[in-house]
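*Asks:* Let me see the structure of the following:
(one chain, ligands or ions: 1)
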Amino acid sequence: GRIVASSVEQTYIMIKPDGVQRGLVGEIISRFEKKGFLLKGLKLFQCPKDLAQEHYKDLKDKPFFPKLIDYITSGPVVCMAWEGDGVVASARKLIGATNPLQAEPGTIRGDLAIQTGRNVVHGSDSPDNGKREIGKFCNSPVRCLSALQPILLQHN
Ligand code: RTP
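*Replies:* Predicted structure coming up:
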């Protein structure tokens, strides 16, 4: 038979600093695992300011941009590459609406968050952006594996 070329789709999923600090890493990874997608790469990473500004460059004229950059660079994030047919759109569904108060129950943001500015997770919005973001975050050198800042939880 004919061999059909297939390139399996990948998306970049990032657990944001609030998700890491609130201890939601396992819960969030679990949802993508249970759905059936494949985890292809993972690292704990402190996002430097220049990478954060590039990642959110489409939002650079928004009034909340400086706060968004402060938030995303405020502590370690978990960078992941997830793979599977339709993973980009499916992951966006699993994540839910940008504003957690509008996100449906059953979605990650709908179940776990209440503020747009603290919405626990990022997912790429297209296969091209998935590839690009995986290249930037997952294939970049680990610059800092800082200890968790005890902002929300105090561990002594
Ligand atoms: P993400 O890129 O994080 O997956 O989010 P998204 O596509 O659902 O939303 P987008 O419009 O691209 O916004 C990116 C992130 O910016 C923050 N944001 N804050 N204060 C505000 O009004 C506001 N709007 C957006 C959120 O953290 C959002 O996820």
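
*Asks:* Around Lys57, how many other residues sit close by?
*Replies:* 10 (other Cβ atoms under 10 Å). Any C-beta I mention is one placed from the backbone N, CA and C, and that applies to glycine too.

*Asks:* Is any residue of the helix or strand Phe32 falls within near the ligand?
*Replies:* In this structure, Phe32 sits in helix 25-35 according to DSSP states H and E. No - applying Cβ under 6 Å from any ligand atom, one finds helix 25-35 out of contact with the ligand, separated by at least 12.7 Å.

*Asks:* Next secondary structure after that helix?
*Replies:* Counting by DSSP H and E, the next helix or strand C-terminal to helix 25-35 is strand 38-45.

*Asks:* any residues touching that following strand, and which ones?
*Replies:* 10, 20, 29, 32-33, 76-84, 134, 137-138, 140, 142-145 (Cβ atoms under 8 Å, 6 or more residues apart in numbering).

*Asks:* tell me which parts of this protein are close to the ligand?
*Replies:* Counting by Cβ under 6 Å from any ligand atom, the residues of the chain near the ligand are 59, 64, 68, 98, 116-117, 119, 122-123, 125.

*Asks:* Phi and psi next, for the residue nearest to Gly84 when sequence neighbours are not counted.
*Replies:* Nearest residue to Gly84 in three dimensions, chain neighbours excluded: Phe37, at 4.2 Å (Cβ to Cβ, 6 or more residues apart in numbering). Phi and psi for Phe37, reported as degrees, to the nearest 10, are phi -80, psi 160.
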